[in-house]
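>>> sequence first, predicted model second:
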Amino acid sequence: MSNEKQVDSSRRGLLVATAAMGGVAGLATAGALVSTFQPSERAKAAGAPVEADISNLKPGEMKVVEWRGKPVWLLKRTPEMMAELAKLEGQLADPLSEKSYTMDLPSYCDKHTRSRPDHKDILIAVGICPHLGCSPSSKFQAGAQPSLPDDWAGGFLCPCHGSTFDLAGRVFKNKPSPANLDVPRHMYLSDTKIIIGKDEKGEA
């Protein structure tokens, strides 16, 4: 009788140990399966297209959205801002965006306004200075200001090393930035909805 109890007890211990090991293996397998459904780090870094609503954006205002971990500026330029763009071309290092930073100016963008002709007042630019990757500050007010020329017409100032950009994201001459700000591929879903990182040809 005592021998039978001893055998039963051994069997019970073996069954418990086996069940526990099976459970651990099951959890490990489930974990492996779940991890295969998670996006890879490379996919996360690539970033999906982002939709932006500009229905409440007033002339002279800018909003910022994030795409691929970077700030993307959406600036609704006033008629006065637009008029200044043509006057500045002689002061710019690359007025027609012939050199690129990390992406070429999309072919559907006007080279002077750097925007789509059917929405020429909207500037869409990646807010990262091509010099060392700082994010420039908006300086839309015209006139003399600290770190800016007396005839400043409005634009952007990089606080790190002083690169200045006009209201189309084009860098001025003799500045550290080697290129204009990037304009990402984009398209309009409607007059008030923009998708960044995708256009008629597909995703960027």
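Here it is on my side, so go on.

>>> show me where this structure has its strands.
Under the criterion DSSP state E, the chain contains strands at 50-53, 62-67, 70-76, 122-126, 137-139, 155-157, 164-165, 186-188, 193-196, 198-199, 202-203.

>>> among these, which comes closest to residue 87?
With CB to CB as the criterion, residue 87 lies closest to strand 155-157 of the strands of the chain, at 12.4 Å. For glycine as for every other residue, the C-beta is placed from the backbone atoms N, C-alpha and C.

>>> re earlier: can I get the strands of the chain in TSV including mean neighbour count and distance to residue 147?
Shown next, in TSV, are the strands of the chain (neighbours: other CB atoms under 10 Å; distance: least, CB to CB, whole Å):
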stretch	mean neighbour count	distance to residue 147
strand 50-53	16	30
strand 62-67	15	19
strand 70-76	19	20
strand 122-126	23	20
strand 137-139	15	9
strand 155-157	23	6
strand 164-165	23	8
strand 186-188	20	31
strand 193-196	19	30
strand 198-199	18	36
strand 202-203	10	38
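
>>> okay, domains of the protein per the record?
2-38, 49-203 (automatic domain parsing).

>>> could I get these as a markdown table with mean pLDDT?
Below are the domains of the chain laid out as a markdown table (pLDDT from 0 to 100):
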| stretch | mean pLDDT |
| --- | --- |
| domain 2-38 | 44 |
| domain 49-203 | 96 |
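
>>> which of those is buried the deepest?
domain 49-203 (a mean of 17; mean count of other CB atoms under 10 Å).

>>> residue contacts, residue 156?
Residues near residue 156 by CB atoms under 8 Å, 6 or more residues apart in numbering: 127, 136, 137, 138, 139, 164, 165, 166, 169, 181.

>>> try 7 Å
136, 137, 138, 139, 164, 165 (CB atoms under 7 Å, 6 or more residues apart in numbering).

>>> name the nearest of those residues relative to residue 193.
Set against residue 193, the nearest of the contacts of residue 156 by CB to CB is residue 138 (23.0 Å).

>>> find the residue at the geometric middle of this structure.
The chain has residue 67 as the residue nearest its centroid, 2.9 Å off, counting by CA atoms, centre = their mean.

>>> quickly note the distance from it to residue 108.
Separation of residue 67 from residue 108 (CB to CB, to the nearest Å): 18 Å.

>>> residues touching stretch 72-83, excluding its own?
52, 54, 57-65, 113, 121-127, 154, 167, 184, 196.

>>> returning to that earlier point: okay if I get the strands of the chain as TSV plus distance to residue 92?
Listed next are those as TSV, based on distance: least, CB to CB, whole Å:
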stretch	distance to residue 92
strand 50-53	27
strand 62-67	20
strand 70-76	17
strand 122-126	15
strand 137-139	16
strand 155-157	10
strand 164-165	9
strand 186-188	23
strand 193-196	25
strand 198-199	25
strand 202-203	31
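
>>> how about the helices in the protein?
Along the chain, counting by DSSP state H, helices occupy 2-37, 41-46, 79-87.
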